[in-house]
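Undergrad: Generate coordinates for the sequence data below:
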Amino acid sequence: MTEKYEIIFKYIQDLSVEIPNAETFIFSRDYITKYTLGINISTKTLKNKLIEVVTKLSFSDPNQNKRKSHFEISYCTVIKIKDQKIDKKDLEKILLCDVQKKVYPDIEKILINLIKDSGFPVLKMEKKIDFEKLYRQKGN
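TA: Below is the predicted model:
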């Protein structure tokens, strides 16, 4: 089966670390394993049948602590749709599921390295995101 799209290029669009002060760093370091991962996917149609897909991951404290750190990456993937007669449902699956399965391992690796390079212990994302399952749930 041939792919209905191809990845033209991908890049880090934005990268952010917010650690307001040393007290926050110490507090965050002790609670970093309780932080949660958020994901948001947005798209924008470009010229020449190209589509920009921005996958934004945020890793932050879900609690209302005053001392918290925040990590975020926006990763842009530009794709070209090969099939001129693709229907809306297939296009949505490509953008929200297929592209994500290809680029997510790279994005997760960048985020984990960003956290480690910010002085925190090495983290492992225990739960892997199942984009197929999320896509099916969205359809229901």
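Undergrad: show me where this structure has helices.
TA: Assignment of helices within the chain using DSSP state H yields the ranges 22-31, 88-93, 99-117, 131-139.
Undergrad: which stretch among those helices comes nearest Phe59?
TA: Closest of the helices of the chain to Phe59 is helix 99-117, at 6.3 Å (criterion: CB to CB). Where C-beta positions appear, they are placed from N, C-alpha and C, glycine not excepted.
Undergrad: List the buried residues in the closest one.
TA: 99-100, 103-104, 107-108, 111-112, 114-115 (16 or more other CB atoms under 10 Å).
Undergrad: With stretch 81-100 instead?
TA: Neighbour-count burial for stretch 81-100 flags 81, 91, 93-100 (criterion: 16+ other CB under 10 Å).
Undergrad: For Ile8, find the nearest of the helices of the chain.
TA: If you check each of the helices of the chain against Ile8 by CB to CB, helix 99-117 wins as the nearest, at 11.4 Å.
Undergrad: Distance from the chain centre to that closest one, please.
TA: Remark: helix 99-117 is offset 7 Å from the chain centroid, using CA atoms, centre = their mean, to the nearest Å.
Undergrad: quick one: low-confidence ranges for this protein?
TA: Along the chain, the parts satisfying pLDDT under 70 run over 1-2, 139-140.
Undergrad: now for the longest strand along it, which elements pack on it?
TA: Determined from DSSP state E, the single longest strand within the chain is strand 5-18. With contacts taken as 3 or more CB pairs under 8 Å, 6 or more residues apart in numbering; DSSP states H and E, strand 5-18 sits against strand 70-81, helix 99-117.
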